[in-house]
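[1] What shape does this take:
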Amino acid sequence: MELEKAKKIAAEVINRLSPYCKKIEVAGSVRRRRPSPRDIDIVLIPSDPWNLEAEVLALARPLQPKLSGEKLKRFSFNGAQVDLYYATVETWATLLLIRTGSTENNIRLCSRAKEMGWHLAASGDGLFDETGMRIAGDTEHSIFQALGLEYEEPWERN
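    Down below sits the predicted model:
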């Protein structure tokens, strides 16, 4: 689909879900401004899980939702696949970074961490040193900085 269509669908999903979220933001190829996103990735922190779940189910109708676990909900909406990634305050920034991608950027960041004897958790838990201590992850900037890399805006991560 074209980026403008994906942005409109993402905005509608965010508008519908935001009353039930502490934070919600588009991620993936839409955040990176790719011309032809395949799907729409959204990271959120629930504030009202009960009503959030009800609204997700309402969005997914009349299509059968493909819900897969507590941390990811996947469904079709207005002809687009939407993936919702559930974060906490602690996992927000790292999950947003990882789910924004690109795959190549994630490999670069994880490889850099590994070279330093560290681990960047794809779960969103953060950046950990060789002792297992969390050393970054409160912001995307903190991860780039800890890895000794200059921060890149999402659209520069392609």
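[2] For the residue of the chain most remote from its centre, grab phi and psi.
    Most distant from the centre of the chain: Thr131, at 26.6 Å, with distances by Cα atoms, centre = their mean. The phi and psi values for Thr131, taken as degrees, to the nearest 10, are phi -90, psi 0.
[3] Quick one: residues in contact with the lengthiest helix in the chain.
    In the chain, assigned by DSSP state H, the helix with the most residues is helix 3-17. Here helix 3-17 makes contact (Cβ atoms under 8 Å, 6 or more residues apart in numbering) with 24-26, 29-30, 33-37, 40, 42, 44, 52, 55-56, 58-59, 77-80, 82, 84. C-beta here means a position set from N, CA and C on the backbone, and glycine is covered the same way.
[4] Mind checking which of those residues land in strands?
    Ile24, Glu25, Val26, Ile40, Ile42, Leu44, Phe77, Ala80, Val82, Leu84 (DSSP state E).
[5] so how many other residues sit close to the fourth one?
    Applying the criterion other Cβ atoms under 10 Å, we find 27 residues in the vicinity of Ile40.
[6] Touching, it and Gly28? I think so.
    Yes. In this structure Ile40 lies within contact range of Gly28 using Cβ atoms under 8 Å: 6.8 Å.
[7] Give the residues shared as contacts by the two.
    In contact with both Ile40 and Gly28: Asp83, using Cβ under 8 Å, 6+ apart.
[8] Give me the contact list for stretch 46-66.
    13, 16-17, 19-22, 44, 67, 73-77, 82, 84, 86.
[9] Identify the residues contacting Gly148.
    Shown in contact with Gly148 (Cβ under 8 Å, 6+ apart): Arg112.
[10] residue ranges with poor pLDDT in the chain?
    Counting by pLDDT under 70, the chain contains low-confidence ranges at 61-70.
[11] Without its sequence neighbours, what residue ends up closest to Ala93?
    Among residues not flanking Ala93 along the chain, Thr139 sits closest, at 4.9 Å (Cβ to Cβ, 6 or more residues apart in numbering).
[12] ditto for Leu95
    Gly124 (3.1 Å).
[13] Quickly note the distance from the one you found to Ile98.
    Going from Gly124 to Ile98 by Cβ to Cβ, to the nearest Å gives 6 Å.
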